[in-house]
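J.: Requesting a structural model of the entry that follows:
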Amino acid sequence: MVRPVAALLSFRLGGPDGVSVEAAKWRGALGALGFDVVTVAGAGDVDRLLPGLGMGADDPPTAGEVGNALAGAELVVVENLCSLPLNPAAAAVVAATLRGRRAVLHHHDLPWQRVRFRSAPAPPDDPRWVHVTVNELSRRQLRERGIAAVVVRNSFDPDPPAGDRLAARRRLGLTSGERLLLQPTRAIPRKNVGGGLTLAAAIGATFWLLGPAEDGYGPELDALLARAEVPVVRGAGGDGGAPSSVADAYAACDAVVLPSTWEGFGNPSVEASVFERPVAVGPYPVADELRRFGFRWFAHCDAAGLRAWLDDPDERLLAHNHDVARRHLSLHDLPGRLARVFGDAGWTSWSG
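T.: Here you go, the predicted model:
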């Protein structure tokens, strides 16, 4: 029996960024639903590379190039490329190519949620498309603009592999009793690295910033870290050998901080929960939406509360947060969630 083909399309795929991570989870779920999946992007480790789709690419792809890249696909999932205007010309070509075809526009962010894009128009729409948001806030904001959407929140492996704490800390040059606070994000203004540093100082921890600076933030980050009152580890740290896995990074730390002012979802808050680490979360709006599931996270400004927990850990807090993630955001449930979305759209057959 011939399996239908689904294409995942974005600016970049196959990397450590949040959109790529979630797209990989959708790839697995689509495979479980019987699809052969191909990836198409302007950059990254993909099946079909089309550089004109990349963020800020000088020359957008032609309609023929996009059509050829999507050849054979009976379903196309557009991962944020038609959501944020990071390559408007390419987004216009993609939208025109998908008119009248079954497509999912998977919105991780929307333009008005970023200061520099507040005047940008809403994403394109078509009667054959389904819009999927990763949070309820975005769904409501699309509805206010005349676009119907459904929510499929990011999903997480509820039983992730255990990392090697001792080996990871050894690579970072940490002593056995040294407290480590992990901020597993890139460095851009909305990630609020300064808030993470402030918390690290207040709890007496070394600060570990896992991701690189992006969007021209490097000089400001260098100045910020130069003024830090705590030891700082950047990126891989230590001897330059990267942590062998995300699990190692979470295993190495004693607590996690996500001090962001805005996140489309904020994966580290839930990742810390499934890896059973206490997490201090910033004031981004979607965090309140997630807390309603029952997560018991520290506020990023509650240094006293986090320090008290670290001084006298209560493992019941970690078990509770892990259970909430398992019940509400399990990766095992993603195929069923997507199947319901497709069924509600009337997509019960994939021929034609």
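J.: Skipping adjacent residues, who's closest to Asp45 in space?
T.: Gly14 (3.3 Å; CB to CB, 6 or more residues apart in numbering). (Each C-beta comes from the backbone N, C-alpha and C, glycine too.)
J.: In contact with the one you found, which residues are there?
T.: 20, 24, 39, 41, 44-46 (CB atoms under 8 Å, 6 or more residues apart in numbering).
J.: and stretch 181-199, how far out from the chain's middle?
T.: 16 Å (CA atoms, centre = their mean, to the nearest Å).
J.: Let's test this: mean pLDDT of it, rounded?
T.: Mean pLDDT, stretch 181-199: 96.
J.: May I have the distance across it, first residue to last?
T.: 9 Å (CA to CA, to the nearest Å).
J.: in it, what's buried?
T.: By neighbour count on 16 or more other CB atoms under 10 Å, the buried set for stretch 181-199 is 181-188, 190-199.
J.: ranking the contacts of Gly14 by neighbours, who comes first?
T.: Ala41 (28 neighbours; other CB atoms under 10 Å).
J.: Helix or strand for that residue, just tell me which one.
T.: Using DSSP states H and E, Ala41 sits in strand 36-44.
J.: tell me which strands and helices that strand is in contact with?
T.: Packed against strand 36-44, as judged by 3 or more CB pairs under 8 Å, 6 or more residues apart in numbering; DSSP states H and E, are the following elements: strand 5-13, helix 18-32, strand 48-49.
J.: Tabulate those (TSV), appending distance to Gly64 and mean pLDDT.
T.: Shown next, in TSV, are these (distance: least, CB to CB, whole Å; pLDDT from 0 to 100):
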stretch	distance to Gly64	mean pLDDT
strand 5-13	16	98
helix 18-32	24	96
strand 48-49	14	97
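J.: Quick check: which of these is buried the most?
T.: Across the helices and strands packed on strand 36-44, averaging neighbours per residue (mean count of other CB atoms under 10 Å) puts strand 5-13 on top, at a mean of 25.
J.: Partner strands of the strand holding Ala41 and their direction?
T.: Using DSSP bridges, strand 36-44 pairs in its sheet with strand 5-13 (parallel), strand 48-49 (parallel).
J.: got those as JSON lines, with distance to Arg102 columns?
T.: Shown next, in JSON lines, are the strands paired with strand 36-44 (distance: least, CB to CB, whole Å):
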{"stretch": "strand 5-13", "distance to Arg102": "10"}
{"stretch": "strand 48-49", "distance to Arg102": "19"}
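J.: closest one to Gln141 among the ones you listed?
T.: strand 5-13 (21.1 Å; CB to CB).
J.: For the closest one, give me every contacting residue.
T.: Contacts for strand 5-13 (CB under 8 Å, 6+ apart): 19-20, 23-24, 26-27, 30, 35-46, 53-55, 69-70, 72-81, 86-87, 94.
J.: if you set the cut-off to 6 Å instead, what comes out?
T.: 20, 23, 30, 35-44, 46, 54-55, 70, 72-73, 75-81 (CB atoms under 6 Å, 6 or more residues apart in numbering).
J.: same question, stretch 301-315
T.: So stretch 301-315 is contacted by 199, 202-203, 278, 280, 298 (CB under 6 Å, 6+ apart).
J.: 10 Å instead, please
T.: With contact meaning CB atoms under 10 Å, 6 or more residues apart in numbering, stretch 301-315 is reached by 179, 181, 195, 198-205, 254-255, 257, 259, 276, 278-283, 297-300, 317-318, 320.
J.: export it as PDB, just CAs?
T.: Output in PDB follows, covering the C-alpha atoms of stretch 301-315 (Å, rounded to 0.1, in the frame of the first residue of the first chain):
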ATOM      1  CA  CYS A 301      12.000  36.800  40.800                       C
ATOM      2  CA  ASP A 302      11.300  34.400  43.800                       C
ATOM      3  CA  ALA A 303      15.000  33.800  44.700                       C
ATOM      4  CA  ALA A 304      14.100  33.200  48.400                       C
ATOM      5  CA  GLY A 305      11.600  30.400  47.500                       C
ATOM      6  CA  LEU A 306      14.000  28.700  45.100                       C
ATOM      7  CA  ARG A 307      16.900  29.000  47.400                       C
ATOM      8  CA  ALA A 308      14.900  27.500  50.300                       C
ATOM      9  CA  TRP A 309      13.900  24.600  48.100                       C
ATOM     10  CA  LEU A 310      17.400  23.900  47.000                       C
ATOM     11  CA  ASP A 311      18.600  24.000  50.700                       C
ATOM     12  CA  ASP A 312      15.900  21.500  51.700                       C
ATOM     13  CA  PRO A 313      14.600  19.800  48.500                       C
ATOM     14  CA  ASP A 314      11.000  18.400  48.500                       C
ATOM     15  CA  GLU A 315      10.900  15.800  45.800                       C
END
